[in-house]
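J.: This is the structure alone, sequence omitted:
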């Protein structure tokens, strides 16, 4: 009998020791530990959730349809080239996700369907209408999400955030968590920028170009586009350049008629970095193309001397200088009255590559650091006060036995913190609530057993027999009530997000540990008391 | 031995006319609340309805009216303000902003910073939730409640007889609906945190129920020569004080959370307090009578 009790004490002692070792990194004490300890012992502890340490939780949707649209546009351009090469006269236009080809002749059909197996014909009357097959569209969307995930990861890495969490959710969503970040707005901009860099020729030849006003107010963009929508040539489009007056700071827009086809894109970039313009002391971003890009750039500039080449980022013209001569070496630059931070961020997104499709923000939860600190303080206070009242109540009501229950309660808190630390669990504010509720529930099991023991004593049993049968008879009640709580905790874990998951973790760990402390912890102490000598009266 | 209650002999089952009407009202309240949530007429949190919430902390105290006028002049519509005067904090909630996620919060912040430049507002937190996420979270919450209830029903049916499972499940529904109904009447926000409180209540309220059921089953096996109603009554009387103490200890911690736990979990702890009280009541006055009244030819204590 005695040996059994000893072993149980060893078990309890060992779990307590383990818990302390795991939880140590969360205490200031860890700083005083020797080096070998810091290097070889658990050093992560419990992580604070975003709601406690501040930070942002973002959910983005990857607009996969836009990636499909881009691919469709590329194929339309390619079909145009193919048909021209085969000397087949046809008009090819893209309308949303559809490619229209007229006329419908056998030769044209054969040429298109032979070369582009990813297309399916939707209409084969007087004209041909094609779209990407559903399977291909799905593949593009799926790819777009994967690529966006990779790109965001790159950007965040370069921006420099400690321990970001970036993962894919559902079909086309990306979750980004940036704990402890100081400037959430800037981070959001870096993630969300599509950074689609394009070089397009300015169309100065079309008669429409002369009709377009040279400068408009920023809010007149839509009206202008509406006015010219039917006039501009099918291969052209109007984009805007933002113009800032150096003296007054007034912002205006300059509409520019461009050839729709991008001659060169950011895909060919190898490097983007910030330089300072000596003249205005303004930062700009200098670009370096890879070999293929440099060759392309040289060809383009050679073929278009004296024409203007526009540099476009996400649909906005940054500059449109005249090509003076062929440019070899593969260097270009983006200027645009940037602040230093803006230029740095632009360089980051260009280096990390463009997003395959624009992102739409679905959810943005930002928590400042002070709220988190307040919450931790409030949580600690509530926890201490709540525990103290429960501890006092138990001693008052159950006397010495109550003290044993309190021992179990403290054991419970230590093991719970240790278990959370060992799992590197994330502690959220609802999680703190979970711990505090677990304290209240921790004594429940003891109450059930004590009440049973009282009953047995009233029925005339000896203290030892009362303890034993109290435990035996209360066991299933305790077990059942714990399992039902575990079921709901599991459901919460499965369906909850962020903070609520944290609650589910502490609650379920609390309940499980509670079973251990109540059934092993308290029982061992009672057995120890009973093993010494026959106790005449049980203090209960 | 200090005892909360000496040996009691209360005819719990005899109070059915009164307690059933009370429970009926509570359940009705809950059903009305659900109907209103369905119609979108309840005070849904932005995590369910979509929208923007900004919590700002000022250095000095501000008049809510000032903030209201400032925001209205700045062109913000459909918002409501909530005051936490002790800490100079104000919570601004804008429902269904219409604008893209990421714009409205910035706008609110810049309007406030301009107007209150002398009493600089600090951003405690901002939450922006698009309508798509809102409806998904709402669906997830409903599924969660369904799955949890079914899980509990199965477990209780496995451990007890089916009629106990029915009693426990009705009591659980009763508790969840009652708390939801009371929250609705109080005009409190129905949000994700409340749903997690409701689920916790669902799990916890069974603790009491199991305590009572265990004793009913045990007494049935003893085969007293008395009718079932007397046995149920006797069982409840026997376990009454532990039922109350078990709830009391958890109630103490929930109350500590309510009074000292800070603003963010204030409503969560209120829901827990209500849930614990209603849960204790329902194990005696809902779960047990249902077991008693569920017509079954099987004797109550056949299964081990």
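T.: Sure, I can see it. For clarity, every value in this text was computed on a predicted model and none was experimentally measured.

J.: The residue in the stretch 101-250 of chain A that chain B sits nearest to: what's it in contact with?
T.: Residue nearest to chain B within the stretch 101-250 of chain A: residue A:188 (6.6 Å; CB to the nearest CB). The C-beta positions use only the backbone N, C-alpha and C, and glycine is treated the same way. Residue A:188 makes contacts with A:56, A:58, A:361, A:364, B:102, as judged by CB atoms under 8 Å, 6 or more residues apart in numbering or on different chains.

J.: Compare the residues you listed and tell me which is most surrounded.
T.: Top of these by neighbour number is residue A:58, holding 26 neighbours under the definition other CB atoms under 10 Å in any protein chain shown.

J.: Now do the helices in the stretch 51-200 of chain A.
T.: Listed in chain order, the helices of the stretch 51-200 of chain A (DSSP state H, counting those that start in this stretch) span A:64-85, A:106-115, A:134-159, A:184-192.

J.: hmm, back to that, which single one of the contacts of residue A:188 is nearest to residue A:438?
T.: Lowest distance from residue A:438 to the contacts of residue A:188 (CB to CB) belongs to residue A:56, with 29.3 Å.

J.: show me what contacts the closest one?
T.: Residue A:56 sits next to A:50, A:176-178, A:181, A:184, A:187-188, A:364-367 when contact means CB under 8 Å, 6+ apart.

J.: Out of those residues, grab the one that's most surrounded.
T.: Counting neighbours by other CB under 10 Å, residue A:367 leads the contacts of residue A:56 with 28 neighbours.

J.: My guess is that residue contacts residue A:55. True?
T.: Yes - counting by CB atoms under 8 Å, residue A:367 touches residue A:55, with 6.3 Å between them.

J.: So which of the contacts of residue A:56 sit within strands?
T.: Members of the contacts of residue A:56 lying in strands (criterion: DSSP state E): A:176-178, A:364-367.

J.: Those: which ones sit near chain B?
T.: Within the set of the ones in strands among the contacts of residue A:56, contact with chain B (CB under 8 Å from any CB of the partner chain) is found for A:364-367.

J.: now what about the strand or helix carrying residue A:39, what contacts it?
T.: Taking DSSP states H and E as the criterion, residue A:39 maps to helix A:35-40. With contact meaning CB under 8 Å, 6+ apart, helix A:35-40 is reached by residue A:30.

J.: cool, and stretch A:380-396?
T.: The contact list for stretch A:380-396 (CB under 8 Å, 6+ apart) reads A:402-403, A:405-406, A:409, A:413, A:432, A:435-436, A:439-440, A:443, A:446, B:2, B:248-249, B:252-253, B:255-257, B:259-262.

J.: Could you pull up the mean pLDDT of it?
T.: For stretch A:380-396, mean pLDDT is 94.

J.: Please point out which parts of that stretch sit buried.
T.: Buried residues in stretch A:380-396, defined by neighbour count with 16 or more other CB atoms under 10 Å in any protein chain shown: A:381-383, A:385-387, A:389-391, A:393-395.

J.: Also stretch B:47-64?
T.: Quick answer for stretch B:47-64 (16+ other CB under 10 Å): B:47-58, B:62.

J.: quick one on the thing from earlier: so which of the ones in strands among the contacts of residue A:56 is the closest to residue A:239?
T.: So of these, ranked by how close each gets to residue A:239 (CB to CB), first place is residue A:364, at 28.5 Å.

J.: Which residue or residues pair with the closest one through a beta bridge?
T.: Beta-bridge partners of residue A:364, counted by DSSP bridges, are residue A:58, residue B:128.

J.: Does it touch residue B:127 like I think?
T.: Yes - using CB under 8 Å, residue A:364 makes contact with residue B:127 at a distance of 7.4 Å.
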